[in-house]
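Asker: Kindly return the folded structure for what I paste below:
(chains A and B)
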Amino acid sequence: MLRIEKGALGLIPYLMAGHPDRDRSRAAARSLAALPIAALELGIPFSDPLADGPVIQRAGQQALDGGMTVADCLELAADVAGRAPVIFMSYINPILAYGPERFAADAEAAGVAGVIVPDLPPEESGSVSAAFKAHRLASIFLVAPTSSEERIKLICAASSGFVYCVTLTGITGARAELPPDVGELLGRVRARTRLPIAAGFGISRPEHLGTLRGAADAAVVGSAVVHELAEGRDPARLVRELLAACR
Amino acid sequence: MRGRFGIYGGQYVPETLMSPLAELEAAWTAARSDPGYAAELERHRRTFIGRPTPLYFAERLSAEHGNRIHLKREDLCHTGAHKVNNALGQALLAIRMGKRRIIAETGAGQHGVATATLCARFGLDCTVYMGREDMRRQAVNVQRMRLLGAEVVEVTAGTMTLKDATSEAIRDWVTNVRTTHYIIGSAVGPHPYPEMVRDLQRVIGDEARAQYLAAEGRLPEVVVACVGGGSNAIGIFTAFVGDEDVRLVGVEAGGSGVAGGKHAASLVAGRPGVLHGALSYLLQDADGQVLPTHSVSAGLDYPGVGPEHSFLRDAERAEYVAVEDGQAVAALRLCTRLEGILPALEPAHALHHAGTLPGRVLVCLSGRGDKDLDNLAAD
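Answerer: From the prediction side, this is the model:
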């Protein structure tokens, strides 16, 4: 079960499965899972990640170069899912190639709580979402700053678990500041759903979390955490610092 | 289903692009039924691109192969390839939408040059994404784009070719979508691009069909075109799809041989998957990772293909074959020697296959080969 409560600000750190290599990826996932995080988001590497900036692109390529497969990602998820809730982030093609039904069944067996597919809008999600639902996986869709009111309604209705609010018009990657209108966007989503709301993209610093407190129920931190690992540091240090700023 | 060709196509894109794609579709729907847009398109086609392009009977090539080959001369379009047909239509659309910044991806550089040319003509900002490997093998086109005022951004990710340039252009679009129109260069990408690019390229087949009937008093038996993303092929096929007796053949890049794995023949050797926003045939491994491709021609060096070709393949309305690097280079040399026409390496693939067919063959000569001279000298 996801540990996202409305009213508090939870933290969802992201790791690319298999980055920088299998052993260090597993060690990092275990060390983050031991912290009081809302969930751990595990990226499944893909050769052509359209929504990702350079840090996650490089991490994914490194994971693929190390031979990481979807089956390996499922195995890693199973290893940490007992310690913290795990959410997958995967582009649609690896899921299609694995088979959506088989993927959903194996993810459920691994103890995964939900799946984010950044290139699968609700309109294209029919059979994939049905498979997720049948295997009790949350289908987490994304709202973007460019989404119309009509689309926000559609996305909130299609989502389960939580709604993922993309804070900026762009790709993943740490930014110095969050856009000034992020609160307004979160408010528009809040008005459309009773589900918890997570904010993501660009969030990297403790002061960003202050901005989000009260407006979002969780914050996803991706590139900044992956960058720590890429630089050979233990990402738990940054995550502890961010957790302190959530309170 | 809307935005689909059978099961193929769709809009597999980040949410950020969904509303902009809906706006683009609305703008395109409005433009195509607006006589003002049609008149403007027609005027620029005539006075700027130089349309209609001729249909040419390749007499000596036909004698060599023992068949009857006609060439649709898209190499005579301003900027040297069919790409300009699409770039013109989309540049006019961008202006109607109030978007003054244009981005594009390019492989061989022909789409980049066409886009940069239209941006110069209409005073638009232009950024072109191009893989490092393609910048090396198509250096003349890089120079042309820069001369035209475009910024050419070197892409160093992945295989440093068209696939990676396209990914980078999409990332730019995701970031700057409020001010920017993305002129995608082939009949690929999310809906409405494959339809829009086809509609802008179908002028090739509409002209060729009428010209062929006028010249020969009947239709060709086979229409042949090269397929990377497949825009020139869908452009010439569309006019003939309803002519059941006319065979349609798309020629993909066989690289150094399909069996050896170094090629770009998505329809011949791939299976359905999602790349760059659409479901279509795709060269991918068992785990859904997109495979590196190889072709002597930068313009065909792409692991995906337009979704309408996937539909035509499954419906068995069109057939798709692969021609290897060496065969294409030989066909280029033969056409140049016998006809005094230097084709680009991309349509040289179609020329090779045309030489193997009996009867009346219409080939889309999609572009000229000046850009390939450095590569030929090296081999």
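
Asker: which regions of chain B lie under the pLDDT threshold?
Answerer: Scanning chain B with the threshold set as pLDDT under 70 gives B:1, B:377-379.

Asker: repeat that with 50
Answerer: Residues of chain B meeting the criterion pLDDT under 50: none.

Asker: Would you mind listing what in it touches chain A?
Answerer: Contact residues, chain B versus chain A (Cβ under 8 Å from any Cβ of the partner chain): B:10-20, B:22, B:157-158, B:163, B:167, B:170-171, B:174-175, B:177-178, B:273-277, B:282, B:284, B:286-290. C-beta here means a position set from N, CA and C on the backbone, and glycine is covered the same way.

Asker: How about the secondary structure of the residue minimising distance to the centre of chain A?
Answerer: The centroid of chain A falls nearest to A:E41 when counting by Cα atoms, centre = their mean (4.4 Å). Assigned with DSSP: H, G, I helix; E, B strand; the rest coil, A:E41 falls in the strand class.

Asker: Run through the bridge partners of it.
Answerer: When bridges are called by DSSP bridges, A:E41 pairs up with A:Y14, A:I87.

Asker: and it, how far is that from chain B?
Answerer: Separation of A:E41 from chain B (Cβ to the nearest Cβ, to the nearest Å) stands at 16 Å.

Asker: Next up, the contacts around that residue.
Answerer: Contact analysis of A:E41 by Cβ atoms under 8 Å, 6 or more residues apart in numbering or on different chains lists A:12-15, A:86-89, A:116, A:220, A:222.

Asker: could I get those as JSON lines with neighbour count, pLDDT and distance to A:E108?
Answerer: Converted to JSON lines, those look like this (neighbours: other Cβ atoms under 10 Å in any protein chain shown; pLDDT from 0 to 100; distance: Cβ to Cβ, whole Å):
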{"residue": "A:I12", "neighbour count": "27", "pLDDT": "98", "distance to A:E108": "20"}
{"residue": "A:P13", "neighbour count": "29", "pLDDT": "98", "distance to A:E108": "23"}
{"residue": "A:Y14", "neighbour count": "25", "pLDDT": "98", "distance to A:E108": "21"}
{"residue": "A:L15", "neighbour count": "26", "pLDDT": "98", "distance to A:E108": "21"}
{"residue": "A:V86", "neighbour count": "25", "pLDDT": "98", "distance to A:E108": "12"}
{"residue": "A:I87", "neighbour count": "27", "pLDDT": "98", "distance to A:E108": "13"}
{"residue": "A:F88", "neighbour count": "25", "pLDDT": "98", "distance to A:E108": "11"}
{"residue": "A:M89", "neighbour count": "28", "pLDDT": "98", "distance to A:E108": "17"}
{"residue": "A:I116", "neighbour count": "23", "pLDDT": "98", "distance to A:E108": "16"}
{"residue": "A:V220", "neighbour count": "28", "pLDDT": "98", "distance to A:E108": "22"}
{"residue": "A:G222", "neighbour count": "28", "pLDDT": "97", "distance to A:E108": "24"}
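
Asker: Tell me, how many residues neighbour B:R271?
Answerer: Applying other Cβ atoms under 10 Å in any protein chain shown, we find 10 residues neighbouring B:R271.

Asker: nope, B:A63 is what I meant
Answerer: 12.

Asker: How far does stretch B:86-102 sit from its chain's centre?
Answerer: Computed by Cα atoms, centre = their mean, to the nearest Å, the chain-centroid distance of stretch B:86-102 equals 18 Å.

Asker: which ones are touching B:R360?
Answerer: With Cβ under 8 Å, 6+ apart, B:R360 has these contacts: B:67-68, B:70, B:216, B:218, B:220-222.

Asker: any idea which of those residues is closest to B:T53?
Answerer: Closest to B:T53 out of the contacts of B:R360 is B:H70 (12.2 Å), distances taken as Cβ to Cβ.

Asker: Let me know the secondary structure of that closest one.
Answerer: strand.

Asker: For B:L248, which non-adjacent residue is closest in space?
Answerer: Counting by Cβ to Cβ, 6 or more residues apart in numbering or on different chains, B:L248 lies nearest to B:A318, which is 3.9 Å off, once chain neighbours are set aside.

Asker: For chain A, name the helix or strand with the lowest mean pLDDT.
Answerer: Least confident helix or strand of chain A, by mean pLDDT, DSSP states H and E, is helix A:206-212 with a mean of 94.

Asker: helices or strands up against it?
Answerer: If contacts are counted by 3 or more Cβ pairs under 8 Å, 6 or more residues apart in numbering or on different chains; DSSP states H and E, helix A:206-212 sits against helix A:182-190, strand A:218-221, helix A:235-246.

Asker: now do 7 Å
Answerer: The helices and strands touching helix A:206-212, judged by 3 or more Cβ pairs under 7 Å, 6 or more residues apart in numbering or on different chains; DSSP states H and E, are helix A:235-246.

Asker: which residues touch the helix it packs on?
Answerer: A:9-11, A:13, A:28, A:31-32, A:35-37, A:206, A:209-210, A:221, A:224-225, A:228-229 (Cβ atoms under 7 Å, 6 or more residues apart in numbering or on different chains).

Asker: Can you flag the buried ones in the residues you listed?
Answerer: A:9-11, A:13, A:28, A:31-32, A:35, A:37, A:209, A:221, A:224-225, A:228-229 (16 or more other Cβ atoms under 10 Å in any protein chain shown).
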